[in-house]
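Undergrad: this one's sequence-less:
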């Protein structure tokens with residue numbers, strides 16, 4: 001393996017691992033909350049959720065650092081819009097304990113940014129063919145999940161249980177994204193070249 005490439009991809013591998021661990025921990029916490037409803041609304045819970053969102057941002061940063069989505073303007077826009085969606089989500093988490101109505105507004109906006117952003121980035125990953133196997137599809141799958149599962153479940157059920165069930169699936173998707181980033185950051189450079197022509 002090219003040692004310079006390994007050094008360059010080291011931060012992306014760490015970012016992916018952080019995303020994987022954060023996604024899995026968020027699933028554990030959300031399963032616990034589902035079993036002990038109602039959902040706790042407090043600054044401590046919000047800060048915990050912010051930490052989980054930051055781990056997802058780390059995985060997304062790793063994806064961007066690896067150039068997985070290619071160089072098209074719309075794929076780069078997709079990554080940027082997804083980052084913005086997470087920033088809005090974090091803002092909602094920090095606002096909710098003091099102003100629940102405004103926090104809920106931010107929570108409603110965040111997936112409307114992240115979903116199309118991830119879809120654009122995911123299509124970019126598929127077209128760039130820099131990733132291989134299941135990892136090529138995970139970014140797009142995260143975006144599609146928000147549109148096809150998360151938003152419909154949250155809107156149709158309107159319950160804490162429905163929301164948490166949807167969030168658990170989202171956490172699993174983010175964990176998969178982190179794993180994909182960590183694994184791809186460990187793949188030798190010549191393997192990526194083979195994936196593009198396969």
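TA: Yes, it's here. Quick caveat, the model's predicted, so the values are computed rather than measured.
Undergrad: what segments of the chain are helices?
TA: 3-35, 43-65, 73-95, 100-128, 135-145, 151-157, 160-185, 189-197 (DSSP state H).
Undergrad: if we look at the fifth one, which residues are touching it?
TA: By CB atoms under 8 Å, 6 or more residues apart in numbering, the list of residues contacting helix 135-145 from outside reads 63, 68-69, 114-123, 125-126, 129, 169-170, 173-174, 176-177, 180, 183-184. (C-beta placed from N, C-alpha, C; glycine too.)
Undergrad: how close does the closest residue in space to residue 76 that isn't next to it in sequence get to residue 131?
TA: Nearest non-adjacent residue to residue 76, counting by CB to CB, 6 or more residues apart in numbering: residue 69, 7.0 Å away. Separation of residue 69 from residue 131 (CB to CB, to the nearest Å): 10 Å.
Undergrad: go on, residue 58?
TA: Counting by CB to CB, the gap from residue 58 to residue 131 is 18 Å.
Undergrad: quick one: residues contacting the residue nearest to residue 52 when sequence neighbours are not counted.
TA: Closest residue to residue 52 apart from its sequence neighbours, by CB to CB, 6+ apart: residue 26 at 4.2 Å. Residue 26 makes contact with 49, 52, 55, 167, 171, 174 under the criterion CB under 8 Å, 6+ apart.
Undergrad: JSON lines for the residues you listed, including neighbour count?
TA: Listed next are the contacts of residue 26 as JSON lines, based on neighbours: other CB atoms under 10 Å:
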{"residue": "49", "neighbour count": "20"}
{"residue": "52", "neighbour count": "21"}
{"residue": "55", "neighbour count": "23"}
{"residue": "167", "neighbour count": "23"}
{"residue": "171", "neighbour count": "22"}
{"residue": "174", "neighbour count": "26"}
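Undergrad: can you find the helix or strand of this structure with the lowest average pLDDT?
TA: Using mean pLDDT, DSSP states H and E, the weakest-scoring helix or strand in the chain turns out to be helix 189-197, at a mean of 49.
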